[in-house]
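In: Got a sequence here, can you model it:
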Amino acid sequence: MNLLFSITPSFVPLLGSCLRSILKNGGADRYTAYILHSGLSPAACRTLEAQFGPRLELRFLPVDERLFDGFPEFKRYPRQIYYRLAAPLLLPPELDRILYLDVDTVVINPLGPLYNASFDGACFMACTNTRKLLTRVNQLRLGAGEDVPYINSGVLMMDLAALRRVVSMEQIRRYANEMYDRLVLPDQDILTALYGDRVKLLDSLVYNLSDRTLRLYNATPGNEKRDLDWVRRHTVIVHYFGRNKPWKAHYHGVLGTFYYEFA
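Out: Just a heads-up that it's a prediction; the model follows:
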């Protein structure tokens with residue numbers, strides 16, 4: 001199973017937690033994790049490699065930041081946000097599919113059903129965590145079509161062969177510069193605007209569950225309540241996106257219990 005991460009040096013501890021969860025619960029015999037980075041020291045690479053056995057091969061792919069000359073930079077977000085967008089062009093050409101995960105995720109059930117699913121003509125599979133009204137606001141803000149969902153970029157199952165035919169560094173650079181003042185979450189905004197019409201949507205309760213998503217679902221009239229027991233049996237990927245994270249002070253939520261198992 002091919003996995004993809006994009007990190008800065010400060011993300012190394014979280015990457016370790018995520019990988020431990022995958023080795024325990026991901027269900028595959030072997031994994032190859034491709035790690036796009038810039039500035040990761042050889043010592044940090046060795047530290048990561050020393051944590052894991054032969055079931056997990058780590059392949060560190062340093063990215064030449066000059067590839068992103070002319071791309072706008074954002075105060076709150078490192079340049080690495082572009083790496084996942086450009087991943088189909090940065091990864092070895094022989095790879096045909098890969099699962100990208102943010103490092104603030106943990107895996108609590110087997111990944112096989114997701115990894116082996118058909119793309120059904122789409123270029124990638126992902127979740128949306130926004131409801132109808134906010135989706136429409138994002139469509140208007142980004143200049144996207146009315147049928148384009150707002151994508152959470154933290155979990156992306158990629159058809160690399162298909163994406164190599166559509167992803168353009170120049171198109172990404174041009175859009176990022178032209179829409180700079182409208183971008184709030186730059187990587188998600190760009191992914192949605194340029195490629196959101198090529199997504200196969202997944203169930204966010206199963207493949208991209210956050211405390212907020214769970215809370216909103218349970219607060220919606222008519223929905224059958226989902227408790228931690230349901231999550232442990234059915235959810236595959238828990239994602240601590242946003243500012244509410246279990247490794248920070250003042251965390252509020254119930255899903256932190258899964259992170260604590262691997263921290």
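In: correct me, but Y195 touches S168?
Out: No: Y195 is not in contact with S168 according to CB atoms under 8 Å; the separation is 10.3 Å. C-beta coordinates here come from the backbone N, C-alpha and C atoms, glycine included.
In: So for these two, which residue has more residues nearby?
Out: Y195 (21 against 13; other CB atoms under 10 Å).
In: Quick check: that one vs Y207, distance?
Out: Y195 sits 18 Å away from Y207, going by CB to CB, to the nearest Å.
In: next one: A117
Out: 10 Å.
In: Compare these two and say which is more crowded by neighbours.
Out: Legend: neighbour count by other CB under 10 Å for A117 and Y207, higher for Y207 (23 against 13).
In: secondary structure element for the spatially most central residue of the chain?
Out: Residue closest to the mean C-alpha point of the chain, counted by CA atoms, centre = their mean, is G154 at 2.0 Å. According to DSSP states H and E, G154 maps onto strand 152-159.
In: can you map out the helices along the chain?
Out: 12-25, 42-50, 81-90, 112-115, 132-142, 160-164, 169-178, 186-195, 204-207, 211-219, 228-234, 256-260 (DSSP state H).
In: List the buried residues in stretch 167-174.
Out: 167, 169, 172-173 (16 or more other CB atoms under 10 Å).
In: Widest-spaced pair of those residues?
Out: Farthest-apart pair in the buried residues of stretch 167-174 is V167 and R173; separation 11.9 Å (CB to CB).
In: Could you tell me how far F71 is located from Y180?
Out: From F71 to Y180 the distance is 10 Å (CB to CB).
In: More neighbours: which of those two?
Out: Higher neighbour count among F71 and Y180: F71, with 20 against 12, using other CB under 10 Å.
In: nearest spatial neighbour of that one, skipping sequence neighbours?
Out: Among residues not flanking F71 along the chain, R173 sits closest, at 5.2 Å (CB to CB, 6 or more residues apart in numbering).
In: Quick check: that neighbour touching L85?
Out: No: look at R173 against L85 with CB under 8 Å: they stay out of range, at 10.3 Å.
In: For beta bridges, what are the partners of the closest residue to M125 other than its chain neighbours?
Out: Spatially, and ignoring its direct neighbours in sequence, M125 is nearest to M157 (4.0 Å; CB to CB, 6+ apart). On the basis of DSSP bridges, M157 is bridged to L99, M125.
In: For the residue nearest to A193 when sequence neighbours are not counted, give me its contacts.
Out: Spatial nearest neighbour of A193, excluding adjacent residues (CB to CB, 6+ apart): L142 at 4.2 Å. L142 makes contacts with 179, 182, 189, 192-193, as judged by CB atoms under 8 Å, 6 or more residues apart in numbering.
In: do you know how far L142 is from L191?
Out: 10 Å.
In: and if you look at P9?
Out: Per CB to CB, P9 is found 24 Å from L191.
In: Looking at the two, which is more packed in?
Out: Ranked by neighbour count (other CB under 10 Å), P9 and L191 place L191 first, with 22 against 11.
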